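need a structure here:
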Amino acid sequence: MSKYNTFLALFILSFIAMICFFIFYMQAIFGIAFHAEEFDRHPNPFLFLSRIFTPTVIASMIVMGICSLLYRVLGIVYVARSKMVSDGEKALWVIGFIIMGFITGIVFLVMAKGRKFVE
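Numbers count the residues shown, from 1 in each chain. Predicted coordinates for the structure are as follows:
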């Protein structure tokens, strides 16, 4: 698999995990909202937290975090090793991947093929 396809696969997997995370998290929040009277009768913080952080929420959060970290690191490595990119532009790419990883990942996917950042 080429470097570009590896970056693309990790980016897509991170995006899918993010969507799953938000769906499961909203499901947990609405479940708590609809059963609020249960928490009023028996205030238990551990029950509240166990309703929010279900195994599906935790699993999707872990997958999202790992994939996001991996595509950010790969993007930084690909830009840093590229001979086509000037030093100032490399610094901007690195800062972009660190601060705004998702948006920088989208821009990287669009620009990487045309500017030959990756093979």
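
The chain: helices as residue ranges?
Secondary structure of the chain by DSSP state H: the helices cover 3-34, 36-41, 45-52, 55-81, 87-99, 101-115.

Show me what counts as buried in stretch 66-85.
Using 16 or more other Cβ atoms under 10 Å as the test for burial, stretch 66-85 gives 67-68, 70-72, 74-76, 78-79, 82, 85. For every residue, glycine as well, the C-beta is placed using N, CA and C.

related to what we said a few turns ago, could I get the helices of the chain in a markdown table, plus columns for mean pLDDT?
Output for the helices of the chain, formatted as a markdown table (pLDDT from 0 to 100):
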| stretch | mean pLDDT |
| --- | --- |
| helix 3-34 | 89 |
| helix 36-41 | 71 |
| helix 45-52 | 78 |
| helix 55-81 | 92 |
| helix 87-99 | 92 |
| helix 101-115 | 85 |
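
what residue of the protein is the furthest out?
In terms of distance from the mean C-alpha position of the chain, Arg41 ranks first, at 37.6 Å (Cα atoms, centre = their mean).

who's in contact with it?
Counting by Cβ atoms under 8 Å, 6 or more residues apart in numbering, Arg41 touches no other residue.

ok, so what distance separates it from Thr54?
22 Å (Cβ to Cβ, to the nearest Å).

And the buried residues of stretch 66-85, which is closest to Phe48?
Ranked by distance to Phe48 (Cβ to Cβ), the buried residues of stretch 66-85 are led by Ser68 at 27.4 Å.

Gly101 is in contact with that closest one, correct?
Yes. Using Cβ atoms under 8 Å, Ser68 is in contact with Gly101, at 6.2 Å.

Distance-wise, check Ile67 relative to Arg41.
To be clear, residue 67 is Cys; Ile isn't right here. Taking Cβ to Cβ as the measure, Cys67 falls 41 Å from Arg41.
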